[in-house]
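A.B. asks: Here is my input; please provide its structure:
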Amino acid sequence: MNPLIKTMPNVKKFNDYMFDVKTNKTPMMLSGLTDIGKIHMMYATRFYSEKPICIVTYNELQAKKFIKDLRFFEEKIEYFPKREILTFDYMAESKDELFERIAVLNQIQNKKASIVVTTIEAAMQKMITKDQLYQYVMQLKTGDTIKLSELKERLVRLRL
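C.D. replies: Purely as a prediction, here's the structure:
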């Protein structure tokens, strides 16, 4: 355990805060923390609550800074980017951010995401429901046998 985290339970205000976290008391507001204090508090919350946490910040630069600083405590931190809104239908666009978003959603779905950092803009963008997203998921592995007609039918339903 990181020595900075060990000292947290000795602080009464932190214990009060963790009680509120564990009993799902909301909303909560923390103020007056330095940037380093915020990072320390974010990780300590994750460590002592043993719950996954989502950190929502005001812009991408701040989110990337949080991720960089949080990696001092833990390597596995997910970044959920905003979806690019294009003004033209035929504009060439990169699919990287779309794939990143889906990868993070998969980590959350499989309960493998412990810390997710995002922006308010990304969190507010409309998305399909979890049921719709995972309705047609197929697990295909080397050596599996699947009827071509079934595969075609499922792929066609994805386009609808």
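A.B. asks: what ranges of the protein fall below the confidence cut-off?
C.D. replies: Along the chain, segments meeting pLDDT under 70 span 1, 85-94, 159-160.
A.B. asks: and the spatially most central residue of it, helix, strand or coil?
C.D. replies: Centre of the chain computed as the mean C-alpha position; nearest residue by Cα atoms, centre = their mean is residue 116, 3.0 Å away. Secondary structure assignment for residue 116 (DSSP: H, G, I helix; E, B strand; the rest coil): strand.
A.B. asks: Kindly report the same for residue 79.
C.D. replies: Reduced to three states by three-state DSSP, residue 79 is strand.
A.B. asks: wait, it sits on residue 103?
C.D. replies: No: contact criterion Cβ atoms under 8 Å: residue 79 and residue 103 do not qualify, at 10.0 Å. In this view, the C-beta of every residue, glycine as well, is placed from N, C-alpha and C.
A.B. asks: Have a look at the two and say which one is more surrounded.
C.D. replies: When neighbours are counted by other Cβ atoms under 10 Å, residue 79 and residue 103 differ, and residue 79 comes out ahead with 18 against 13.
A.B. asks: who's in contact with that one?
C.D. replies: Listed by Cβ atoms under 8 Å, 6 or more residues apart in numbering, the contact partners of residue 79 are 63-64, 67, 100, 104, 116-118.
A.B. asks: With distance to residue 13 as extra columns, can I get those in a markdown table?
C.D. replies: What follows is the contacts of residue 79, written out as a markdown table (distance: Cβ to Cβ, whole Å):
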| residue | distance to residue 13 |
| --- | --- |
| 63 | 26 |
| 64 | 29 |
| 67 | 26 |
| 100 | 36 |
| 104 | 32 |
| 116 | 26 |
| 117 | 24 |
| 118 | 27 |
